[in-house]
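S.K.: Task: produce atomic coordinates for the following.
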Amino acid sequence: MNAIELLKQDHENMRALLEELAGTTTRGVKKRKELVEKIRTNLTVHNTIEEEIFYPAFKKAGDGKDDAKMYFEALEEHRAAGDLVLPDLLKTEVDSEKFSGRAKVLKELFEHHADEEEKEMFKRAKTLMSKKALEELGDQLARRKVELKQQAQAA
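M.R.: Now for the predicted structure:
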């Protein structure tokens, strides 16, 4: 599977988890706890493989200011979701309305980020990188993803 297909598949999985979380109520404590843990793991793994492998390859292949701007914007969006909103959500009581609000903000941030990547960065990556390079990147992403999931399960 090429890098773009793998990352889009991750996006769809995250969208489904965030949508399911958004549909829960303050009474769904057990469900919320399960979902937020899945979201934490999947978001952390996804952000890590993009930051370690895909983004540097994109930046290296890039040939101008617009590519660099896309690269840095994507990193900042990861920081906002993964370092600011998600930790707050994890510390929030799952049976509160505050949790609902934070879950909604995380969902909106992620959707904006994924849509931008798919419409701009991935489209640009297809023009900057060969099919072979995208396949090789996909293999690297898949291997690293397995490692990170194993580490998360062991923790």
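
S.K.: Please look at residue 42 and residue 11 and confirm they touch.
M.R.: No - Residue 42 lies out of contact with residue 11 (C-beta atoms under 8 Å); the separation is 10.4 Å. Glycine gets a C-beta too; all of them are placed from N, C-alpha and C.

S.K.: Centre of the chain to the longest helix along the chain, how far?
M.R.: In the chain, with assignment by DSSP state H, the single longest helix is helix 131-154. Relative to its chain's centre, helix 131-154 lies at 14 Å (C-alpha atoms, centre = their mean, to the nearest Å).

S.K.: If we ignore the residues flanking it in sequence, what's nearest residue 121?
M.R.: Counting by C-beta to C-beta, 6 or more residues apart in numbering, the nearest residue to residue 121 once its immediate chain neighbours are dropped is residue 70, at 5.2 Å.

S.K.: and the one you found, how many residues sit next to it?
M.R.: When counting by other C-beta atoms under 10 Å, one arrives at 20 neighbours for residue 70.

S.K.: Please, which helix or strand holds it?
M.R.: In this assignment (DSSP states H and E), residue 70 forms part of helix 65-78.

S.K.: Show me what that helix is packed up against.
M.R.: helix 55-61, helix 97-116, helix 122-128 (3 or more C-beta pairs under 8 Å, 6 or more residues apart in numbering; DSSP states H and E).

S.K.: Dump the longest helix of the chain to PDB, keeping only the CA atoms.
M.R.: Taking C-alpha atoms only, helix 131-154 is exported to PDB below (Å, rounded to 0.1, in the frame of the first residue of the first chain):
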ATOM      1  CA  LYS A 131       4.900   5.800  -7.400                       C
ATOM      2  CA  LYS A 132       7.800   3.700  -6.300                       C
ATOM      3  CA  ALA A 133       8.900   6.300  -3.700                       C
ATOM      4  CA  LEU A 134       5.300   6.400  -2.300                       C
ATOM      5  CA  GLU A 135       5.200   2.600  -2.200                       C
ATOM      6  CA  GLU A 136       8.500   2.500  -0.300                       C
ATOM      7  CA  LEU A 137       7.300   5.200   2.100                       C
ATOM      8  CA  GLY A 138       4.100   3.200   2.600                       C
ATOM      9  CA  ASP A 139       6.200   0.200   3.600                       C
ATOM     10  CA  GLN A 140       8.200   2.300   6.100                       C
ATOM     11  CA  LEU A 141       5.000   3.800   7.600                       C
ATOM     12  CA  ALA A 142       3.400   0.400   7.900                       C
ATOM     13  CA  ARG A 143       6.400  -1.100   9.700                       C
ATOM     14  CA  ARG A 144       6.700   1.800  12.100                       C
ATOM     15  CA  LYS A 145       3.000   1.700  12.800                       C
ATOM     16  CA  VAL A 146       3.200  -1.900  13.900                       C
ATOM     17  CA  GLU A 147       6.200  -1.100  16.200                       C
ATOM     18  CA  LEU A 148       4.400   1.800  17.800                       C
ATOM     19  CA  LYS A 149       1.200  -0.200  18.300                       C
ATOM     20  CA  GLN A 150       3.200  -3.000  20.000                       C
ATOM     21  CA  GLN A 151       4.900  -0.400  22.200                       C
ATOM     22  CA  ALA A 152       1.500   1.100  23.200                       C
ATOM     23  CA  GLN A 153       0.100  -2.300  24.000                       C
ATOM     24  CA  ALA A 154       3.100  -3.200  26.100                       C
END
